[in-house]
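1. model the following, please.
(4 chains)
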2 protein chains.
Amino acid sequence: MLTEERHVFILNLLKEKEVVKIHELTKATGASESTIRRDLTDLEEAGLLRRVHGGAAKITKKRMELTMAEKTTRFSEEKLAIGRLAASLIEDNDCVFIDAGTTTLALIPFIKASNITAVTNGYDHLQILAEKGIEAYTTGGRLKQSTKALTGTGAVHGLQQYWFDKAFLGVNGIHVKAGYTTPDPEEAVVKREVLKRAQQTFIVTDASKFQESTFAYIANVEEAVIVTGKAPDKTKKMFQEKTDIKEALS
Amino acid sequence: MLTEERHVFILNLLKEKEVVKIHELTKATGASESTIRRDLTDLEEAGLLRRVHGGAAKITKKRMELTMAEKTTRFSEEKLAIGRLAASLIEDNDCVFIDAGTTTLALIPFIKASNITAVTNGYDHLQILAEKGIEAYTTGGRLKQSTKALTGTGAVHGLQQYWFDKAFLGVNGIHVKAGYTTPDPEEAVVKREVLKRAQQTFIVTDASKFQESTFAYIANVEEAVIVTGKAPDKTKKMFQEKTDIKEALS
DNA sequence: TAAAAAACAATCATTTTCAATCATTATTTC
DNA sequence: GAAATAATGATTGAAAATGATTGTTTTTTA
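-> Residues are numbered from 1 along each chain as shown, chains lettered A, B, ... in the order given. The predicted structure follows:
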């Protein structure tokens, strides 16, 4: 029996039972005790079970879901609140742009408005919008594997067909002087184009981005409204002269 | 036993079982250990299985669904062969268009050429191309949920930025008089635009599409080369006067 | 609580599997 | 048909997996 086979066997057994004993595994697989021990150690390191004296136990559902969620996207309390607030800004019949990135992704499930049209440059966003029954368009462009965003001139060119009521952008830095910034100039040029083509632009962001600045300039702080969880009082004062800040957690 | 046959055999075995051992494959196919190892390496590179010590294992369900949209159907020798043949037409440094659809999806794992650029209107295609390390662009446009294709004027507009060495299109009907056809006019207009912008266009299709015609006209038979598994002699004669037919299974 | 039993991690020798290489045998291609 | 190309099978030292053994830790139970 191959290592891989045993691993599958053990995990399947743990789907039915709460715990498995080493002795029963040696009998069932014909492998030695040492080998089974090694298997259990490996599987524990992979986060697929929990070792207990004499065998192994199913991982609690809660933890299981966590590890699963970690792989896809785990939204923090803050992100969910931001998402809910941002989504509430979308009204019936709006044409909106939704930027790539996890913060903007979090707003999609909360969209309540009907008959809206959405354009996105996020790979996952497109699918999730369509699944929700929202008329979903994409900008086109090159798929940047790391962020799963469509970028570059292809995306800009695609954008030039559309006009938005509202746009929701993610950024990496918000700085009084440096304005909104992001590390990748290819992405910055897309965001700038969106700003040009939207009546209202919202920057959705968690608190960690305030007073940070990264390489590529997108726009001045004045050019968009900030949607965030809770902004520190100090930064809030600095920004409030320049633009509106909507806070989800008050 | 031919290489091709062994590959199909191994993949189908993996549809039933979680893992296959090298030893059992040598016995079943009569090939040497070296040959089986090579087969497994090839199939792993194509992303169709995962090598493990002593054999090979099914790849994770999620990826499986991605690469082979048809979960239930067996790997047909025809589809693999068509994919392999079509992929072999792509040369180093080519800029290619790859249409949405499962037949074109099957060619991606077999692409060997380096430094190529690919544009696609298939949602899954984009991701799989990028995973293979291929520079992947998308046309943009509206996501049609049923076929996961990007269609409409958005896609056409996106296409107009590019020029292709080779294009690979899927169709629903190939008919001497009706030409190439597809049910959705929104998709047909995209395919027509591709034909305009490619030096060579290949229609990748299984035998079932011959002498069928559907609603929306794409192009005349003369305008593309047909890549298929095995065309019936009768239809072959009819088409050979008009265009080239490349057969994967001879 | 102390002794016995069971389970443990760590180590080592053995076996199995691996990738790389080479010579041989089909299969194209000219 | 000859030369080039691709596929195959055998051989190799290296790497991985295995099972037995060790002394230690944990659990049981007397």
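2. return the alpha-carbon coordinates of stretch A:207-218 using CSV.
-> Taking C-alpha atoms only, stretch A:207-218 is exported to CSV below (Å, rounded to 0.1, in the frame of the first residue of the first chain):
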residue,chain,number,x,y,z
ALA,A,207,-7.5,51.0,8.7
SER,A,208,-4.0,49.7,8.0
LYS,A,209,-3.6,51.7,4.8
PHE,A,210,-3.9,55.1,6.3
GLN,A,211,-0.7,57.2,6.2
GLU,A,212,1.0,54.6,4.1
SER,A,213,2.3,55.3,0.6
THR,A,214,3.5,52.9,-2.1
PHE,A,215,5.2,53.3,-5.4
ALA,A,216,2.5,54.2,-8.0
TYR,A,217,0.4,57.3,-7.7
ILE,A,218,-3.3,57.0,-8.4
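3. what residues of that stretch count as buried?
-> A:207, A:209-211, A:213-214, A:216-218 (16 or more other CB atoms under 10 Å in any protein chain shown). No exception for glycine: its C-beta is placed from N, CA and C like everyone else's.
4. over to stretch A:146-159?
-> So stretch A:146-159, judged by 16+ other CB under 10 Å, has buried residues A:147-152, A:154-159.
5. can you list these in CSV and add pLDDT?
-> Listed next are the buried residues of stretch A:146-159 as CSV, based on pLDDT from 0 to 100:
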residue, pLDDT
A:Thr147, 93
A:Lys148, 94
A:Ala149, 96
A:Leu150, 97
A:Thr151, 96
A:Gly152, 95
A:Gly154, 95
A:Ala155, 97
A:Val156, 97
A:His157, 96
A:Gly158, 96
A:Leu159, 96
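6. who's in contact with stretch A:77-90?
-> Outside of stretch A:77-90, the residues within contact range by CB atoms under 8 Å, 6 or more residues apart in numbering or on different chains are A:75, A:96, A:102-104, A:106-113, A:116, A:166, A:168, A:202, A:204-207, A:227-230, A:246, A:248-249.
7. tell me the contacts of the residue nearest to A:Ala188 when sequence neighbours are not counted?
-> Spatial nearest neighbour of A:Ala188, excluding adjacent residues (CB to CB, 6 or more residues apart in numbering or on different chains): A:Ala216 at 3.7 Å. The neighbours of A:Ala216, taking CB under 8 Å, 6+ apart as the test, are A:181-185, A:187-188.
8. got a pLDDT number for the most centrally placed residue in chain A?
-> Centroid-nearest residue in chain A: A:Thr102, 2.5 Å away (criterion: CA atoms, centre = their mean). On the pLDDT scale, A:Thr102 is placed at 91.
9. buried only: go through the contacts of stretch A:77-90 for me.
-> The buried subset of the contacts of stretch A:77-90 - by 16+ other CB under 10 Å - is A:75, A:96, A:102-104, A:106-108, A:110-111, A:116, A:166, A:168, A:202, A:204-207, A:227-229, A:246, A:248.
10. so which of the residues you listed sit within strands?
-> Mapping those onto strands (DSSP state E) picks out A:96, A:166, A:168, A:202, A:204, A:227-228, A:246.
11. dump these to a markdown table, plus distance to A:Ile10 and pLDDT.
-> As requested, these are arranged in a markdown table below (distance: CB to CB, whole Å; pLDDT from 0 to 100):
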| residue | distance to A:Ile10 | pLDDT |
| --- | --- | --- |
| A:Val96 | 48 | 97 |
| A:Lys166 | 51 | 97 |
| A:Phe168 | 45 | 98 |
| A:Phe202 | 49 | 97 |
| A:Val204 | 43 | 96 |
| A:Val227 | 47 | 96 |
| A:Thr228 | 46 | 94 |
| A:Lys246 | 50 | 94 |
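12. can you tell me which two in the residues you listed are farthest apart?
-> Longest distance between any two of those is 18.6 Å, between A:Val96 and A:Thr228; criterion CB to CB.
13. how is chain A partitioned into domains?
-> A:3-71, A:77-247 (automatic domain parsing).
14. which of those comes out lowest on mean pLDDT?
-> domain A:3-71 (a mean of 86).
15. how about that one, does it reach DNA strand C?
-> Yes: against DNA strand C, domain A:3-71 shows contacts by CB under 7 Å from any atom of the strand at A:21-23, A:34, A:37, A:41, A:51-55.
16. surely A:Gly152 meets A:Gly141?
-> Yes: between A:Gly152 and A:Gly141 a contact is recorded at 5.1 Å, counting by CB atoms under 8 Å.
17. in contact with A:Ala231, which residues?
-> Per CB under 8 Å, 6+ apart, neighbours of A:Ala231: A:207, A:210, A:239, A:245, A:247.
18. can you list these in TSV and add distance to A:Val194?
-> Below are the contacts of A:Ala231 laid out as TSV (distance: CB to CB, whole Å):
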residue	distance to A:Val194
A:Ala207	23
A:Phe210	21
A:Phe239	21
A:Ile245	20
A:Glu247	23
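19. so which of those residues reach DNA strand D?
-> Among these, DNA strand D is touched by none when using CB under 7 Å from any atom of the strand.
20. tell me the one of those residues nearest DNA strand D?
-> Distance ranking of these against DNA strand D, using CB to the nearest atom of the strand, places A:Ala207 first at 42.6 Å.
21. residues contacting that closest one?
-> Applying CB under 8 Å, 6+ apart, the residues contacting A:Ala207 are A:78, A:228-232.
22. need the max-distance pair from these.
-> A:Glu78 and A:Pro232 (13.3 Å).
23. more neighbours: which of the two?
-> Using other CB atoms under 10 Å in any protein chain shown as the criterion, A:Glu78 and A:Pro232 rank with A:Glu78 on top: 18 against 11.
24. now do the more buried one against A:Glu4, distance only.
-> According to CB to CB, to the nearest Å, A:Glu78 and A:Glu4 sit 40 Å apart.
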